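Student: Turn this into a structure:
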Amino acid sequence: MSAPGPYDTWFRRYTPSTPGAVKLLALPHAGGSAPYFLPLSRALAPELDVLCVQYPGRLDRHRETPVSDLRDLAEQVYRALVSEPAGPVVLFGHSMGAVLAYEIARRLEATGGGELLGVIASGRRAPHRFREETVHLRDDDGIIAEIRELSGTEQGILDDEELLRMVLPALRADYRAVETYREIPDPAPLTAPVTVLAGESDSRVSLDDARAWEQLTSGTFRFRSFPGGHFYLNGRPAEVTAAVKESVDAFRSTAASASP
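Tutor: Residues are numbered from 1 along each chain as shown. Below is the predicted model:
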């Protein structure tokens, strides 16, 4: 049996889709893994082909070294995506995943490596809105306290001390990646449309910082906020699914109208 290629290494397809369906590349938050998007994948199938990204250092990739540089991580995901014919693709990222989506989008537009329909950024301030954060410099207990406060990690992991300690290297690497990231201004903004989703009481992302994503695209910009904090989407799966679907439909409509 041959070793899996980069596409199979990085992406998990949990539900079948209609042939030729738009791909939705789902990028998890810091400490997250591909199954986080399993409910979304099921809800959007078969109309969308949801590819959930599995970062190194967790679950079936737990023996691999986590990537602690966000641009390096974005480059690896981008290369995996274009290693096979992608067709129309939408990038959807939550928190750290939103910044990855932005960096991957820049690569796709710079190289023409895929048909990028749009970007959906969730739970993250615009990449050019810098704020000093040092969670990755805390001791283990300090990082655990952070993820408990954000309420985005499954309770079963938080209650299992041994399991929690096992995921800490990946979690620390993710926080280091996103907290040391600095956006390098591009001479031109994205041309792809961007939708931003945000929690109205997110203590980590103000609505103003979330709306600032509009400055990074020359395409259509949409903004939607929901009651809830940083992981607002956990408590409102139906509404978030509807918002994602509406955005993808709008992206497809925009692409169709722009075609000669």
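Student: what secondary structure does Glu239 sit in?
Tutor: When classified by DSSP: H, G, I helix; E, B strand; the rest coil, Glu239 comes out as helix.
Student: check contacts around Ile45.
Tutor: Ile isn't right for residue 45; it's Ala. Thr15, Pro16, Ser17 (C-beta atoms under 8 Å, 6 or more residues apart in numbering). Quick note: C-beta positions are derived from backbone N, CA and C, even for glycine.
Student: That one and Cys52, how far apart?
Tutor: 12 Å (C-beta to C-beta, to the nearest Å).
Student: thinking again about what came up before, out of the contacts of Ala45, who has the most neighbours?
Tutor: Ser17 (19 neighbours; other C-beta atoms under 10 Å).
Student: List the residues that contact that one.
Tutor: Ala45, Pro46, Glu47, Leu48, Asp49, Val50.
Student: Please name the residues that touch the last one.
Tutor: When you say that, I think you mean Val50. Arg13, Tyr14, Thr15, Ser17, Lys23, Leu24, Ala26, Phe37, Leu40, Ser41, Leu44.
Student: With adjacent residues omitted, what lies nearest to it?
Tutor: Take Val50 and drop its neighbours on the chain: the residue closest to it by C-beta to C-beta, 6 or more residues apart in numbering is Ser41, 3.9 Å away.
Student: For the one you found, give me phi and psi.
Tutor: phi -60, psi -50 (degrees, to the nearest 10).
Student: quick one: the strands in the stretch 101-250 of the chain?
Tutor: 115-122, 194-199, 221-226 (DSSP state E, counting those that start in this stretch).
Student: could you redo those as TSV and give each row mean neighbour count, mean pLDDT and distance to Ala101?
Tutor: Output for those, formatted as TSV (neighbours: other C-beta atoms under 10 Å; pLDDT from 0 to 100; distance: least, C-beta to C-beta, whole Å):
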stretch	mean neighbour count	mean pLDDT	distance to Ala101
strand 115-122	25	97	5
strand 194-199	25	98	9
strand 221-226	17	97	15
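Student: now those strands in JSON lines, with distance to Pro187?
Tutor: Converted to JSON lines, these look like this (distance: least, C-beta to C-beta, whole Å):
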{"stretch": "strand 115-122", "distance to Pro187": "18"}
{"stretch": "strand 194-199", "distance to Pro187": "18"}
{"stretch": "strand 221-226", "distance to Pro187": "19"}
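Student: what's the closest of those strands to Gly32?
Tutor: strand 115-122 (11.7 Å; C-beta to C-beta).
Student: which of the residues in stretch 245-257 are buried?
Tutor: Buried residues in stretch 245-257, defined by neighbour count with 16 or more other C-beta atoms under 10 Å: Ser247, Val248, Ala250, Phe251, Ala255.
Student: which residue sits closest to Gly118, ignoring its sequence neighbours?
Tutor: Using C-beta to C-beta, 6+ apart, the closest residue to Gly118 is Phe251 (3.6 Å).
Student: Would you mind pulling the contact partners of whichever strand or helix holds the one you found?
Tutor: Using DSSP states H and E, Phe251 falls within helix 237-258. Applying C-beta under 8 Å, 6+ apart, the contact partners of helix 237-258 are 22, 24, 39-40, 43-44, 47-48, 88, 90, 92, 115, 117-118, 120, 122, 192-193, 195, 197, 219-220, 222, 224, 226, 232-233.
Student: I'd like the contacts of Ser17 written out as JSON lines, with pLDDT, distance to Ser83 and secondary structure added.
Tutor: Output for the contacts of Ser17, formatted as JSON lines (pLDDT from 0 to 100; distance: C-beta to C-beta, whole Å; DSSP: H, G, I helix; E, B strand; the rest coil):
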{"residue": "Ala45", "pLDDT": "93", "distance to Ser83": "23", "secondary structure": "coil"}
{"residue": "Pro46", "pLDDT": "95", "distance to Ser83": "24", "secondary structure": "coil"}
{"residue": "Glu47", "pLDDT": "95", "distance to Ser83": "25", "secondary structure": "coil"}
{"residue": "Leu48", "pLDDT": "97", "distance to Ser83": "21", "secondary structure": "strand"}
{"residue": "Asp49", "pLDDT": "96", "distance to Ser83": "16", "secondary structure": "strand"}
{"residue": "Val50", "pLDDT": "97", "distance to Ser83": "18", "secondary structure": "strand"}
